[in-house]
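> need a structure here:
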Amino acid sequence: MNHKFIIVLFGEKSKVLRDILILKASLVIYWKQNINSTEWEILAPNIELIAKYLEQGMEDQIYQGEYEDFKFSYLFQKELKLAFIFINDINDDNSLIDQLIKYAKQEFLRNYSADLIENVKNVKIFETFDPVTVMIHNYYRPKIVLAGYNEVGKTTIAHLISSDASNPVQEPSVKAEIYPLTIKNLEFDLWDFIGEEKLLFLWPKFLKDSDAVLIVTDSNPKIVEKSKFFIDLIIKDIPKAKFGIIANKQDLSDSVKLEELEKLFDLTNLYDMVAIDPKNREKMIWIIMDILKISGEFSPRVQLMLERANAMKNAEQAELEGNLERAISNFEIISDYSRKLGDHEISQNYLSRIADLKRKLENIKKETQAIPKTPRIMTEGKPKTAQPSPPVTVQDENLSEIDLLRKNIDKWKERMEAIEKELKHLEYKYMGKMINEKVYQEEKQNLTKERSDLENKLYDARFKMIKLI
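Below is the predicted model:
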């Protein structure tokens with residue numbers, strides 16, 4: 001069955017597939033978590049029952065069971081002792097589930113041989129099945145609605161996070177624009193409705209079949225009070241939908257702050273936002289992930305950001321310790337991850353730093369190789385150098401030359417650590433619009449020059465120590 005045929009077959013049903021699991025006997029060999037994924041503590045006893053029923057069940061029969069607000073659908077492959085399990089919202093269309101679960105079974109058996117399934121030593125190999133399960137999820141395309149009055153920033157949010165904001169689909173029957181949204185390789189439809197008060201009576205129709213609702217308010221006290229209308233509507237008409245309140249325009253001086261909103265609405269699922277700032281895209285994506293209960297650990301973009309931050313920390317430490325090779329290795333990771341995240345300027349900056357460090361490292365190696373080995377002569381059984389080290393003027397007569405170098409190196413490293421913190425603090429001030437660009441560039445240039453001078457001092461001091469040792 002090819003993908004083109006599936007599209008025709010499945011049509012445009014739109015609900016929520018929470019999880020896809022595959023069992024080998026009682027062992028979970030594959031688990032794809034989508035939105036609102038079910039906790040293992042709830043899954044475990046149900047999975048155990050399915051595993052026990054595997055030997056008794058029929059090969060091509062699709063079985064179903066319900067638990068609270070979701071349902072299990074499962075299908076067996078008896079020869080290999082496999083069970084294919086879908087977990088959906090309780091009202092999801094059974095005919096669609098039946099076709100999708102059969103397709104999942106077919107594709108799994110087509111991709112992996114019986115010998116591999118029987119003798120697999122590491123189930124991580126089955127992670128290569130992800131593209132199939134992502135495709136299955138994307139036939140559901142959950143509906144996320146931006147609800148709120150005019151001018152609160154709904155369309156700004158849509159443009160902030162949409163994977164293609166330039167060409168939304170027009171839905172004239174309900175006066176809406178539909179934007180594509182991709183999170184963790186999963187596809188959603190983001191609905192932006194007109195918020196005119198004269199059309200409030202249409203909102204029950206707008207919200208029909210929604211899987212999540214983002215109630216957007218612009219933090220103006222009057223609009224905040226009126227926005228209770230949407231909360232009441234959700235509770236009454238779509239009680240199973242996930243929802244959160246986005247307090248937009250928090251940069252304005254007269255905005256109602258989050259703590260006041262929590263008291264006013266008696267809710268905790270509130271989030272502050274400044275949607276006109278493109279830097280808040282990741283935050284807005286995280287908010288939707290939180291509302292939909294999408295596990296952040298599986299987000300490739302979030303994972304890249306975390307790993308990049310860790311590499312930055314490691315690189316900084318390596319530089320301070322003088323371990324240039326380790327610093328270069330981490331800078332390469334930072335540059336690569338920045339490029340993948342679309343931060344091309346950061347990527348180029350780190351490529352420049354890599355080139356500088358490689359030149360320094362090469363110079364150190366050349367100069368070290370050029371140092372002649374001092375012959376040693378034996379006097380009364382003790383090794384001594386042929387010539388004494390040249391005298392060096394020191395400020396502390398109680399310290400040897402090497403000890404004085406070490407003391408200075410520690411002092412310079414401490415100052416470099418302080419400079420790094422000052423640079424980060426300076427960037428935060430600039431990002432937060434507490435200082436203008438001219439001040440930011442001047443202070444950054446001064447700190448960067450001081451850091452460069454200290455790096456040269458450290459380089460010279462370490463080279464000198466090599467000669468003395």
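
> residue boundaries of the helices in the stretch 151-300 of the chain?
154-161, 203-207, 221-226, 228-237, 258-265, 281-292, 300-321 (DSSP state H, counting those that start in this stretch).

> most tightly surrounded among the ones you listed?
Comparing the helices of the stretch 151-300 of the chain by mean neighbour count (mean count of other CB atoms under 10 Å), helix 154-161 ranks first with a mean of 22. (Each C-beta comes from the backbone N, C-alpha and C, glycine too.)

> Measure how it sits relative to helix 281-292, angle-wise.
Angle, helix 154-161 to helix 281-292, by axes from the mean of the first three to the mean of the last three CA atoms, to 10 degrees: 110 degrees.

> follow-up on the earlier one: ok, which of the helices of the stretch 151-300 of the chain comes nearest residue 178?
With CB to CB as the criterion, residue 178 lies closest to helix 154-161 of the helices of the stretch 151-300 of the chain, at 9.4 Å.

> got the contact list for the nearest residue to residue 216 once chain neighbours are set aside?
Nearest residue to residue 216, sequence neighbours excluded (CB to CB, 6 or more residues apart in numbering): residue 148, at 3.7 Å. Residue 148 is in contact with 154, 195, 215, 216, 217, 227, 230, counting by CB atoms under 8 Å, 6 or more residues apart in numbering.

> what's the neighbour count on the residue lying closest to the fifth one once chain neighbours are set aside?
Nearest in space to residue 217, with sequence neighbours left out and distances taken as CB to CB, 6+ apart, is residue 227 at 4.5 Å. Residues contacting residue 227 under the criterion other CB atoms under 10 Å number 23.

> any idea how far residue 227 is from residue 245?
7 Å (CB to CB, to the nearest Å).

> Between those two, which contacts overlap?
215, 217.

> Need the pLDDT of residue 149.
For residue 149, the model assigns a pLDDT of 87.

> I'd assumed residue 225 was in contact with it.
No. Residue 149 is beyond contact range of residue 225, at 11.2 Å (criterion: CB atoms under 8 Å).

> how about the helices of the stretch 1-150 of the chain, start to end?
With helices called from DSSP H, counting those that start in this stretch, the stretch 1-150 of the chain shows them at 3-10, 40-53, 94-111, 114-119, 130-138.

> could those helices go into TSV alongside mean neighbour count?
Formatted as TSV, those follow (neighbours: other CB atoms under 10 Å):
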stretch	mean neighbour count
helix 3-10	11
helix 40-53	14
helix 94-111	17
helix 114-119	12
helix 130-138	18
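
> export those to a markdown table and tack on distance to residue 424 and mean pLDDT?
Below are the helices of the stretch 1-150 of the chain laid out as a markdown table (distance: least, CB to CB, whole Å; pLDDT from 0 to 100):
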| stretch | distance to residue 424 | mean pLDDT |
| --- | --- | --- |
| helix 3-10 | 47 | 29 |
| helix 40-53 | 38 | 80 |
| helix 94-111 | 47 | 88 |
| helix 114-119 | 49 | 90 |
| helix 130-138 | 36 | 79 |
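
> re earlier: could you redo the helices of the stretch 151-300 of the chain as a markdown table and give each row mean pLDDT and distance to residue 80?
As requested, these are exported to a markdown table (pLDDT from 0 to 100; distance: least, CB to CB, whole Å):
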| stretch | mean pLDDT | distance to residue 80 |
| --- | --- | --- |
| helix 154-161 | 91 | 42 |
| helix 203-207 | 80 | 44 |
| helix 221-226 | 83 | 57 |
| helix 228-237 | 86 | 45 |
| helix 258-265 | 81 | 52 |
| helix 281-292 | 85 | 34 |
| helix 300-321 | 69 | 30 |
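
> would you list those helices in TSV and tack on distance to residue 442?
Output for the helices of the stretch 151-300 of the chain, formatted as TSV (distance: least, CB to CB, whole Å):
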stretch	distance to residue 442
helix 154-161	31
helix 203-207	51
helix 221-226	40
helix 228-237	47
helix 258-265	35
helix 281-292	29
helix 300-321	23
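
> returning to what we had before: mind checking the helices of the stretch 1-150 of the chain for the one nearest to residue 260?
helix 40-53 (35.4 Å).

> Show me what the closest one is packed up against.
If you count contacts as 3 or more CB pairs under 8 Å, 6 or more residues apart in numbering; DSSP states H and E, helix 40-53 packs onto strand 17-24, strand 63-67, strand 70-77, strand 82-89.

> Can I get those in TSV including mean pLDDT?
Rendered in TSV, the data for the helices and strands packed on helix 40-53 read as follows (pLDDT from 0 to 100):
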stretch	mean pLDDT
strand 17-24	86
strand 63-67	84
strand 70-77	90
strand 82-89	90
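
> Export those as CSV, with columns for mean neighbour count and distance to residue 208.
Output for the helices and strands packed on helix 40-53, formatted as CSV (neighbours: other CB atoms under 10 Å; distance: least, CB to CB, whole Å):
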stretch, mean neighbour count, distance to residue 208
strand 17-24, 22, 20
strand 63-67, 12, 23
strand 70-77, 21, 20
strand 82-89, 23, 15
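
> Can you lay out those strands as a markdown table showing distance to residue 327?
Below are those laid out as a markdown table (distance: least, CB to CB, whole Å):
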| stretch | distance to residue 327 |
| --- | --- |
| strand 17-24 | 42 |
| strand 63-67 | 52 |
| strand 70-77 | 49 |
| strand 82-89 | 46 |
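
> Who are the contact partners of the residue nearest to residue 176 when sequence neighbours are not counted?
Sequence neighbours aside, residue 193 is the residue nearest to residue 176 in space, at 4.7 Å (criterion: CB to CB, 6+ apart). Residues near residue 193 by CB under 8 Å, 6+ apart: 145, 146, 147, 154, 174, 175, 176, 203, 206.

> how close does the fourth one get to residue 190?
The span separating residue 154 from residue 190 equals 10 Å under the rule CB to CB.

> Tell me the residues that contact both of these two, please.
Residues touching both residue 154 and residue 190 by CB under 8 Å, 6+ apart: residue 146.

> follow-up on the earlier one: what's the closest of the helices of the stretch 1-150 of the chain to residue 420?
So among the helices of the stretch 1-150 of the chain, helix 130-138 is nearest, using CB to CB, at 38.4 Å.
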